[in-house]
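Engineer: A structural model of the following input is requested.
(one chain, ligands or ions: 1)
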Amino acid sequence: MSVWRSASSVLLLSVVLASCLALGCKPGETARTNGGSTGTAGQPPFMSAVAGPPPKPADEAPPAEKTGGFDGKRAYEQVVRQLIYGPRPAGSPALVKLQDYLESELKSYGCAVETDSFSADSPAGRLPMKNILVKIPGQKPGIILLGTHYDTKRLENFVGADDAGSSTGVMLEIARLLCAQKQPGKYGAWIAFFDGEEAVNREWVDPDNRYGSREMAAKLAVDGDLAKIKAFILADIVGGRNPHFKRDGESTKWLKDLVWSVAERLGYGNVFVKEATNFGGDDHYSFTARHVPSVDIMDLDAQNDVPYWHTSEDTIDKISPKTLAIVGHTILESVKELQKK
Ligand SMILES: [Zn+2]
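Structural biologist: Okay, the predicted model is just below:
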C-alpha cells in the first residue's frame, strides 16, 4: 500500500515537474516574482520546497469512502500542483499561471466557473487581480458559500504550502465532488477562490489585505446575491500535521456551533477544539462586515502548530493529507446540514 503510494507520489511529482517545464516555470520568472536570486545550477530555489519525501504513514489520508467521498490524497496532490508555480503573490506572472490551472481544472469537473478580473491599489501600486467563482445551482433561492484564497504572501522564496495551498487544495476537491452531483441541493453551493488576501506589506493593516474578498462581497451586494447567502464557510491554513482549529471570535456563533458539532460527531473533536481565539482578520471579515453569517476554519497558532507560518519553511513536508481529509469531510457534512435548514 505505502509502496504504491510512494510510487504514485513520485510519479505525480515527475509529471507536474515535467509539465511545469513545458509550461515555462522558468527560474528568471521566479526571480522577478520574489525579487530574489535563483538557486544553484539554474534551479529555482523553491524546487526543494516542492520535491520531498512522501507523507509519513501517520499523515496518510483515510480511504475517501471514510471521509464522505473527500479524497485527501487528491487534495494533497493539488497542493503539490500549486507549489510547482513557485511564489504566487497577487499580480505575479506565477499567479496568472495558477489562475489558468484553477479554471481549467474546475471546468474539467463540470463546474460552471465565473471569473472577475479587477485591479486594486496597493502599496506596490495598482495590481491586476482575479476572483474565481464556482456556482452550483440549487432548487430554491439561497446560497451556501465556501471560500479560500489562492494568492501567497509576498515574501522571498515563500511557496505557501499551508498558506494558501492547503485550503485551495481542499476547495478544489470539494468542487470536484459537488459539481458532479446529479441532484441539485435545496440551495445553491458557490465556491470562491479569492485573489489578494495577503497584505502586500509585511504587517496586516487594513485596507492592505483581503483585496479579492472585499471586491467580491461588494459586487455580490450590488447584484443582490449577497442577501441570498445563508452561510459562508472559509478555510485558510488547514493542512498542518498537528492541527487545532479554535473558535474564532469574529465568526458567527450559530454557524461555528454547527461546524464544530459536525466535526465532533465525525470524531474530529480533538482537531476542532472548543478553545476560543481571535484571528484579527481573514477573508470572512469582508462578509461579516456586511452581516453575512460566516465562519473561518484556520490554524494560526504560530507558537505551536504552524511555526512555519509566513516563512520560507511553509513547504510541502508540512502538509498532512489526513488533515486535509478531516477538514474536507467536515465542510462537506456541514454543507449537508446547511442544506436542511
Ligand atoms: Zn497568509
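Engineer: quick one: the strands in the stretch 1-150 of the chain?
Structural biologist: When assigned using DSSP state E, counting those that start in this stretch, the strands of the stretch 1-150 of the chain occupy the ranges 113-122, 125-136, 143-149.
Engineer: so which of these is nearest the ion?
Structural biologist: strand 143-149 (7.9 Å; Cβ to the ion). For the C-beta atoms, the positions are set from N, CA and C on the backbone; glycine is no exception.
Engineer: and the angle from that closest one to strand 125-136?
Structural biologist: Using axes from the mean of the first three to the mean of the last three Cα atoms, to 10 degrees, the inter-axis angle of strand 143-149 relative to strand 125-136 is 140 degrees.
Engineer: with respect to burial, which of the strands of the stretch 1-150 of the chain scores highest?
Structural biologist: strand 143-149 (a mean of 26; mean count of other Cβ atoms under 10 Å).
Engineer: for that one, which outside residues touch it?
Structural biologist: 164, 167-168, 170-171, 174, 185, 187-198, 212-213, 225, 228-236, 283-284, 287, 292, 331, 335, 338-339 (Cβ atoms under 8 Å, 6 or more residues apart in numbering).
Engineer: and these, which of them are in strands?
Structural biologist: 188-194, 229-236 (DSSP state E).
Engineer: just to revisit the earlier point, give me the buried subset of the contacts of strand 143-149.
Structural biologist: Neighbour-count burial (16 or more other Cβ atoms under 10 Å) applied to the contacts of strand 143-149 gives 164, 167-168, 170-171, 174, 185, 187-198, 212-213, 225, 228-236, 283-284, 287, 292, 331, 335, 338-339.
Engineer: residue of the stretch 151-300 of the chain nearest the ion, please.
Structural biologist: residue 163 (4.1 Å).
Engineer: what's the local residue count around that residue?
Structural biologist: Number of residues near residue 163 (other Cβ atoms under 10 Å) recorded here: 30.
Engineer: look up phi and psi at the residue lying closest to it once chain neighbours are set aside.
Structural biologist: Of all residues not flanking residue 163 in the chain, residue 237 sits nearest, at 4.9 Å (Cβ to Cβ, 6 or more residues apart in numbering). Here is the backbone geometry of residue 237 (degrees, to the nearest 10): phi 60, psi 70.
Engineer: show me which residues of the stretch 151-300 of the chain are close to the ion?
Structural biologist: Residues of the stretch 151-300 of the chain lying near the ion by Cβ under 5 Å from the ion: 153, 163.
Engineer: change it to 6 Å
Structural biologist: Residues of the stretch 151-300 of the chain lying close to the ion by Cβ under 6 Å from the ion are 153, 163, 198.
Engineer: can you redo the residues you listed as CSV with distance to residue 54 and pLDDT?
Structural biologist: Below are these laid out as CSV (distance: Cβ to Cβ, whole Å; pLDDT from 0 to 100):
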residue, distance to residue 54, pLDDT
153, 26, 98
163, 22, 98
198, 29, 98
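Engineer: run through the helices of this protein in chain order.
Structural biologist: 2-23, 27-34, 47-50, 72-83, 93-108, 167-179, 211-223, 253-265, 285-288, 321-340 (DSSP state H).
Engineer: save those as CSV, and put in mean pLDDT and distance to residue 148 too.
Structural biologist: Shown next, in CSV, are those (pLDDT from 0 to 100; distance: least, Cβ to Cβ, whole Å):
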stretch, mean pLDDT, distance to residue 148
helix 2-23, 42, 20
helix 27-34, 30, 21
helix 47-50, 65, 20
helix 72-83, 97, 11
helix 93-108, 98, 10
helix 167-179, 98, 4
helix 211-223, 98, 10
helix 253-265, 98, 15
helix 285-288, 98, 13
helix 321-340, 98, 10
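Engineer: reformat the ones you listed as TSV; add distance to residue 310.
Structural biologist: Listed next are the helices of the chain as TSV, based on distance: least, Cβ to Cβ, whole Å:
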stretch	distance to residue 310
helix 2-23	24
helix 27-34	14
helix 47-50	14
helix 72-83	16
helix 93-108	17
helix 167-179	15
helix 211-223	17
helix 253-265	25
helix 285-288	18
helix 321-340	19
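Engineer: residue 276: which of the ones you listed is closest?
Structural biologist: Among those, helix 253-265 comes nearest to residue 276, with 9.5 Å by Cβ to Cβ.
Engineer: what packs against the closest one?
Structural biologist: On a contact count with 3 or more Cβ pairs under 8 Å, 6 or more residues apart in numbering; DSSP states H and E, helix 253-265 meets strand 229-236, strand 245-248, strand 272-277, strand 294-298, helix 321-340.
Engineer: before we move on, back to that, nearest to residue 75, of the ones in strands among the contacts of strand 143-149?
Structural biologist: residue 235 (11.0 Å).
Engineer: might one say that the closest one is in contact with residue 167?
Structural biologist: Yes. With contact defined as Cβ atoms under 8 Å, residue 235 and residue 167 form a contacting pair (4.0 Å).
Engineer: give me the distance between residue 86 and the ion.
Structural biologist: 16 Å (Cβ to the ion, to the nearest Å).
Engineer: sweet, I'm off.
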